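Engineer: only geometry, no sequence info:
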């Protein structure tokens, strides 16, 4: 059982490393509504296709996104809706923290 837990911790850390880039989180955000072609994603994000391709390869290699080929085009989609939920939950935590620090900054200004 201990070995299994250690394996899960290691895999969790690998997924966190995979998501440890703002561009990859933005890709997930764009793909939450459904699949997209790489060129469309690059245009929406304002990044080069080469740069986007590197990030998509990392996400694909680690099972975050899947692909579908249609002729010359490759479409990307999120592999599991749980990925989107996990990212959304983390975003909510971060927004709460930002709001709290904004409230703390106001309180400090008011007492100064």
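Structural biologist: Alright, I've got the coordinates. Here the structure is a predicted model, which is why all the values come from computation and not from measurement. Residues are numbered from 1 along each chain as shown.
Engineer: which residues in the protein form strands?
Structural biologist: Under the criterion DSSP state E, the chain carries strands at the ranges 36-37, 65-70, 73-78.
Engineer: For the residue most central in space within the chain, list the residues it contacts.
Structural biologist: Centroid-nearest residue in the chain, with C-alpha atoms, centre = their mean: residue 25, separated by 2.5 Å. Contact analysis of residue 25 by C-beta atoms under 8 Å, 6 or more residues apart in numbering lists 19, 87. From N, CA and C alone the C-beta is placed, and that goes for glycine too.
Engineer: Helices along the chain, start to end?
Structural biologist: Along the chain, counting by DSSP state H, helices occupy 2-18, 22-31, 38-45, 49-61, 81-111.
Engineer: Off-centre distance for the second one?
Structural biologist: So the one you mean is helix 22-31. The chain centre lies 5 Å from the centre of helix 22-31; the measure is C-alpha atoms, centre = their mean, to the nearest Å.
Engineer: Repeat that for the longest one.
Structural biologist: Put simply, helix 81-111 sits 17 Å off its chain's centre (C-alpha atoms, centre = their mean).
Engineer: angle of that helix against helix 2-18?
Structural biologist: 70 degrees (axes from the mean of the first three to the mean of the last three C-alpha atoms, to 10 degrees).
Engineer: Give the burial count for residue 30, as a bare number.
Structural biologist: Close neighbours of residue 30, defined as other C-beta atoms under 10 Å, add up to 15.
Engineer: pretty sure it is touching residue 41, no?
Structural biologist: Yes: using C-beta atoms under 8 Å, residue 30 makes contact with residue 41 at a distance of 5.9 Å.
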